[in-house]
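**Q** predicted model, plus sequence, below.
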Amino acid sequence: GAVVSQHPSRVICKSGTSVKIECRSLDFQATTMFWYRQFPKQSLMLMATSNEGSKATYEQGVEKDKFLINHASLTLSTLTVTSAHPEDSSFYICSAREPSGGSSYNEQFFGPGTRLTVL
Amino acid sequence: SQQGEEDPQALSIQEGENATMNCSYKTSINNLQWYRQNSGRGLVHLILIRSNEREKHSGRLRVTLDTSKKSSSLLITASRAADTASYFCATDVNSGNTPLVFGKGTRLSVIA
């Protein structure tokens, strides 16, 4: 199946700093990518939908000025956590759908996740 | 937002036993998918069942879907200690560029 990568896999930062997480579709072009957040022992919660060449769509309760999303190309979306605080510590997972007509139509491929720890 | 509930939230069984996890959802769907997640790791796609399907098998996995009740179940037969993980159902309401919506998950512990 298609592959989605994330970088970094793990990051530890000090409170107040900004952290950028990259999500790449390695063997297909994705006009839309999704960002999820998962707190310990909880499920994945959709944060935002990243659209190539346009503004991201944020879910209710997610601050767009805090979680900056840039989808500058068909294979790369970035999530920047600005002025991170300890409560932003979480597992961030991105995903992308392979375009219709591909061998895995309808399947949404997930990146391996990024563990963010804010001290 | 999440589609619905999974039950049980946690399940502990002996190796060799069968594990059944249930998932309920709220809206009409195009398909429903089950994922597995080991602690602190990424998601592993297990199986996809379309809305016009009622049952699907993959190895030791059996998934059922009842669209009239808006529910699905995942059965793992002859469980192994390595099956210990969290299991999530995820619903797909549209085959276009819409995200999967996840249930709350079931934490399965298989005791050797």
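**A** Perfect, I can see it now. Residues are numbered from 1 along each chain as shown, chains lettered A, B, ... in the order given.
**Q** just give the nearest non-adjacent residue to the residue of chain B positioned farthest from its centre, would you?
**A** When distances to the mean C-alpha position of chain B are computed (CA atoms, centre = their mean), the maximum falls on B:Ala112, with 22.4 Å. Take B:Ala112 and drop its neighbours on the chain: the residue closest to it by CB to CB, 6 or more residues apart in numbering or on different chains is B:Ala81, 4.4 Å away. For glycine as for every other residue, the C-beta is placed from the backbone atoms N, C-alpha and C.
**Q** and if you look at A:Ser90?
**A** A:Arg37 (5.0 Å).
**Q** kindly provide the distance from that neighbour to chain B.
**A** Relative to chain B, A:Arg37 is positioned 11 Å away (CB to the nearest CB, to the nearest Å).
**Q** show me what the helix or strand hosting that residue is packed against.
**A** Assigned by DSSP states H and E, A:Arg37 belongs to strand A:32-38. Using 3 or more CB pairs under 8 Å, 6 or more residues apart in numbering or on different chains; DSSP states H and E, the elements in contact with strand A:32-38 are strand A:19-25, strand A:44-51, strand A:67-73, strand A:76-81, strand A:90-97.
**Q** same for the helix or strand bottoming out on mean pLDDT in chain A, what does it pack against?
**A** None of the helices or strands of chain A scores lower by mean pLDDT, DSSP states H and E than strand A:108-110, at a mean of 89. For strand A:108-110, the elements it packs on are strand A:90-97, judged by 3+ CB pairs under 8 Å, 6+ apart.
**Q** would you give the sheet partners of the strand it packs on, along with the direction of each?
**A** strand A:32-38 (antiparallel), strand A:108-110 (antiparallel), strand A:114-118 (antiparallel) (DSSP bridges).
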